[in-house]
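**Student:** Need a 3D model of the following:
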Amino acid sequence: MRASRVGAAAALAAPVVAWASAHLSSPEVRRWRPGAGDRTIVAGLGVRQFGAGDTLVVLLSGLASSERLWGAAYDVLGKRARVVAIDPIGFGTSMHSPALDHPIDADAHVDGVLAVLRELGLDALPAVVVGHSMGASLALRVAARHAPARAVVAFDAPLYDTHEEADHRVRHMGWFEALLAQGPLAERVCHWMCENRAVAQGVAVVVSPRLPVAVARDAVQHTWHGYVTGFDALVRDPAWAEALRELEARSVVVRLVDGIDDPVPVPGRARELARTHANIAAISLPGGHRLPLSDPVGCAAVVLAALSEYAATPS
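**Tutor:** So this is what the prediction gives:
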């Protein structure tokens, strides 16, 4: 009898031990700590500010993410610049942005970011705009419309020529991501998360042991409307090409930084863009689609290099 109880206890403990082992051994967990600054709401969006200087760095998180992605490794940017990390419309602490009461397209997302900068009185500072994934696509569009922008750093940017290409690449992310990206099942799951937010956060932590707990919890901080409008406007929409043309015309520096094992970007696209646009450089770093988490020091170094290049370039 005692042996059976011991066996049952071991069986129950096994999933917990497996989760803890994966969590504690994850480089993304070991390398992440909360970033500097306080979280506030500015112009209807969640914002975290830190640092000082005459240059601005804007950090934009991606789909199903939040500004917490940019952890303590990015605090070094605050020694060189004012840093504003923003949750795009519909995600994180921007989950219930008043902007969602109106039609949302890429321009609305850009408007939201620019409204934050105006309200903070930072809209005249020369800026380096940084984004990850969906946020990288948004960063290109923000810089194209923001005259003081001097450089863009786009990590793991989803630069797709067509909606069909976007849908195809999303399927490369894995069965779970593909299942929940679009469609009736994704909508039902998202509505369930809205109605059971605390439980959904717990589930997100359980199924993502290799993520920092705070980052995993924020993955479910969105509504279906916010998620699908962000996906359609900034991931599936090919207007990034127009933004790149505008940035080239203004000689705005663009760094397209992809993980070597990232299944999301189209293979070779960043290198091809670098060959055809004088202002673009393609950079590859070891890792997958979560470069800002898996290699925060390397990613922060790329942003610091862009800051240095701006400083050497006359306005």
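**Student:** pretty sure H132 is touching L138, no?
**Tutor:** No: the criterion here is Cβ atoms under 8 Å, and H132 misses it with L138 at 9.8 Å. (Glycine included, C-beta is placed from N, CA and C.)
**Student:** Neighbour count: the two, which is higher?
**Tutor:** Per other Cβ atoms under 10 Å, whichever of H132 and L138 has more neighbours is L138, with 33 against 29.
**Student:** name the element the more buried one belongs to?
**Tutor:** helix 134-145 (DSSP states H and E).
**Student:** Which residues does that helix contact?
**Tutor:** For helix 134-145, contacts defined as Cβ atoms under 8 Å, 6 or more residues apart in numbering pick out 58-63, 65, 88, 106, 109-110, 113-114, 127, 129-131, 149, 151-159, 230-231, 234-235, 239-240, 242-244, 246-247, 252, 254.
**Student:** Now do the helices in the stretch 101-250 of the chain.
**Tutor:** 106-120, 134-145, 163-171, 175-181, 184-195, 197-207, 213-218, 224-230, 240-249 (DSSP state H, counting those that start in this stretch).
**Student:** quick one on the thing from earlier: next step: the contacts of helix 134-145 restricted to strands.
**Tutor:** 58-60, 127, 129-131, 149, 151-155, 254 (DSSP state E).
**Student:** For Q221, list the residues it contacts.
**Tutor:** S66, F91, G92, T93, M95.
**Student:** which regions of this structure sit below the pLDDT cut-off?
**Tutor:** Counting by pLDDT under 70, the chain contains low-confidence ranges at 1-13, 172-183, 311-315.
**Student:** rerun at 80
**Tutor:** 1-15, 17, 19, 170-187, 189-194, 310-315 (pLDDT under 80).
**Student:** Go ahead and confirm S26 touches V215.
**Tutor:** No: using Cβ under 8 Å, S26 makes no contact with V215, being 11.0 Å away.
**Student:** and V16, how many residues sit next to it?
**Tutor:** Neighbourhood size, V16 [other Cβ under 10 Å]: 10.
**Student:** That one should be in a strand, yeah?
**Tutor:** No: V16 is assigned helix when assessed by DSSP: H, G, I helix; E, B strand; the rest coil, not a strand.
**Student:** mind listing what's buried in stretch 45-65?
**Tutor:** Using 16 or more other Cβ atoms under 10 Å as the test for burial, stretch 45-65 gives 45-51, 55-65.
**Student:** between the helices of the stretch 101-250 of the chain, which gets nearest to L291?
**Tutor:** helix 134-145 (10.2 Å; Cβ to Cβ).
**Student:** Pull out the buried positions in the closest one.
**Tutor:** Buried, per 16+ other Cβ under 10 Å, within helix 134-145: M134, G135, A136, S137, L138, A139, L140, R141, V142, A143, A144.
**Student:** So the first one versus D218, what's the distance?
**Tutor:** Think M134. Distance, M134 to D218, by Cβ to Cβ, to the nearest Å: 14 Å.
**Student:** Repeat that for the second one.
**Tutor:** In this structure, G135 lies at 13 Å from D218, with Cβ to Cβ as the measure.
**Student:** Which neighbours do the two have in common?
**Tutor:** S65.
**Student:** Go through the contacts of Q221 and name the one nearest H191.
**Tutor:** When the contacts of Q221 are compared against H191 (criterion: Cβ to Cβ), the nearest one is M95, at 13.9 Å.
**Student:** Identify the residues contacting that closest one.
**Tutor:** D87, Q221, H222, T223, G226.
**Student:** Then H109?
**Tutor:** So H109 contacts P88, I89, L138, R141, G230, A233, L234 (Cβ under 8 Å, 6+ apart).
**Student:** For ChimeraX, what selects the buried ones among those?
**Tutor:** Command for ChimeraX that selects the buried part of the contacts of H109, burial taken from 16+ other Cβ under 10 Å:
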select :88,89,138,141,230,233,234
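**Student:** Output the contacts of H109 as CSV; include the columns distance to S21.
**Tutor:** Formatted as CSV, the contacts of H109 follow (distance: Cβ to Cβ, whole Å):
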residue, distance to S21
P88, 34
I89, 37
L138, 36
R141, 41
G230, 34
A233, 39
L234, 36
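**Student:** So which of the contacts of H109 is the closest to L304?
**Tutor:** Checking the contacts of H109 one by one against L304 (Cβ to Cβ), the nearest turns out to be L138, at 21.3 Å.
**Student:** With that, I have no additional questions.
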